[in-house]
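>>> Next one to model:
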Amino acid sequence: MNFFETDFHCHILPGIDDGAENINESVNMIKMQMAQGIQNIVATPHYRKHEMSVEQFLKRRDAAYKMILECGAFEKMPEIMLAAEIALEHNLCDMEGIGMLGNPRMNTLLIELPYDRYHKWMSEEIEEIAYKTKMQIIIAHLDRYVDIFSSSDYNDILNIPDAIFQFNSSAFGRLKTKKLIKPLIKDDYPIVFGTDCHNTSFRKPNFDLVTKSLKNYEPNYNVLKILNR
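Sure thing, here's the model as predicted:
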């Protein structure tokens, strides 16, 4: 898989979370992604362990994916890999079946930090999840926390062993988040990008911001490994 053709985080599946409301919106979002060069999509609907079991979530996710497969709207559809955006909570590492929420092709789990002040338990919980599942953790949209995390908070997160750090493509549209990303790119951190798109209006696919901003970017070796598994 090509780095610049892969959306690592998006909400294109219809009617499963606060993303695409229906199959028509899903189709339009996918077509927008394709127009921006995307050929590989990691579909990551929200999962919160207090809302439903893993089994219930997987059943709903598979049904939403089946709607896309059967809609007949594509002559050639991008590869869609099913995963989840898993909300981090205390003792998430002990949840049965958490590994089933990951991307089996890449052997990754996408974890979303709470939108709150950083606490040490967050990094510790992520390390425990990685240890128990033997999967590589991708930490979702680190740019979202730029207004609430300190430099030392980010330092703690960026030092989680073997983690990969996902940034939203919209981060290239804001000076403060661009200042966060640029040193990490220069220092060769393992970074991936996703549109985190939810609809076709105010949270639409915008991966073109990545391709325009990183024309000569060479992905980190650990990122290339998960792309080529």
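>>> and Asp156, what helix or strand is that in?
helix 151-158 (DSSP states H and E).
>>> what's the burial count for the nearest residue to Asn2 once chain neighbours are set aside?
Nearest residue to Asn2, sequence neighbours excluded (Cβ to Cβ, 6 or more residues apart in numbering): Gln39, at 7.1 Å. Placement of C-beta: from N, CA and C, glycine included. Gln39 sits with 16 neighbouring residues when counted by other Cβ atoms under 10 Å.
>>> Same check on the one 5 residues further on?
Residues within reach of Thr44, counting by other Cβ under 10 Å, total 31.
>>> i'd like the first residue to be 20 from this point on
Done: numbering now begins at 20, and the last item shifts to Thr63.
>>> So which residues of the chain form helices?
Under the criterion DSSP state H, helices of the chain are mapped to 42-54, 73-88, 139-152, 170-177, 194-205, 227-232, 240-246.
>>> thinking again about what came up before, look up phi and psi at the residue nearest to Asn21.
Main-chain dihedrals, Gln58, degrees, to the nearest 10: phi -120, psi -10.
>>> burial measure for the closest residue to Met96 other than its chain neighbours, as a count.
Of all residues not flanking Met96 in the chain, Ile49 sits nearest, at 7.2 Å (Cβ to Cβ, 6+ apart). Close neighbours of Ile49, defined as other Cβ under 10 Å, add up to 26.
>>> cool, and Ile176?
Number of residues near Ile176 (other Cβ under 10 Å) recorded here: 19.
>>> residues touching it, list them.
When contacts are counted by Cβ atoms under 8 Å, 6 or more residues apart in numbering, Ile176 is found next to 132, 137, 141-142, 158, 161, 168, 182, 184.
>>> again, only this time at 7 Å
Residues in contact with Ile176 (Cβ atoms under 7 Å, 6 or more residues apart in numbering) are 142, 158.
>>> Kindly report the same for Leu111.
Contacts of Leu111 by Cβ under 7 Å, 6+ apart are 68, 117, 144, 148.
>>> for Asp36, same thing?
By Cβ under 7 Å, 6+ apart, the neighbours of Asp36 are 30, 64-65.
>>> which outside residues touch stretch 42-54?
26, 31-33, 39, 60, 86-87, 90, 92, 97, 216, 218-219, 223-224, 226.
>>> what angle sits between the helix holding Asp175 and helix 194-205?
Here the directions of helix 170-177 and helix 194-205 differ by 50 degrees (axes from the mean of the first three to the mean of the last three Cα atoms, to 10 degrees).
>>> Run the angle between helix 170-177 and helix 139-152 for me.
Going by the same axes, to 10 degrees, helix 170-177 makes 10 degrees with helix 139-152.
>>> Quick one: mean pLDDT over helix 170-177.
Mean pLDDT, helix 170-177: 97.
>>> Return the distance of it from the chain's centre.
Distance of helix 170-177 from the chain centroid (Cα atoms, centre = their mean, to the nearest Å) equals 19 Å.
>>> Show me what counts as buried in it.
172-173, 175-177 (16 or more other Cβ atoms under 10 Å).
>>> Looking at the contacts of Asp36, which one is closest to Ser189?
Nearest to Ser189 among the contacts of Asp36: His30, at 13.8 Å, using Cβ to Cβ.
>>> list the contacts for that closest one?
Counting by Cβ under 7 Å, 6+ apart, the residues that His30 touches are 36, 38-39, 63-64, 216-217.
>>> just those residues now: which is nearest Asp206?
Looking across the contacts of His30 and measuring by Cβ to Cβ, the closest to Asp206 is Thr63, at 26.2 Å.
>>> where are the low-confidence patches of the chain?
The model of the chain has no residue with pLDDT under 70.
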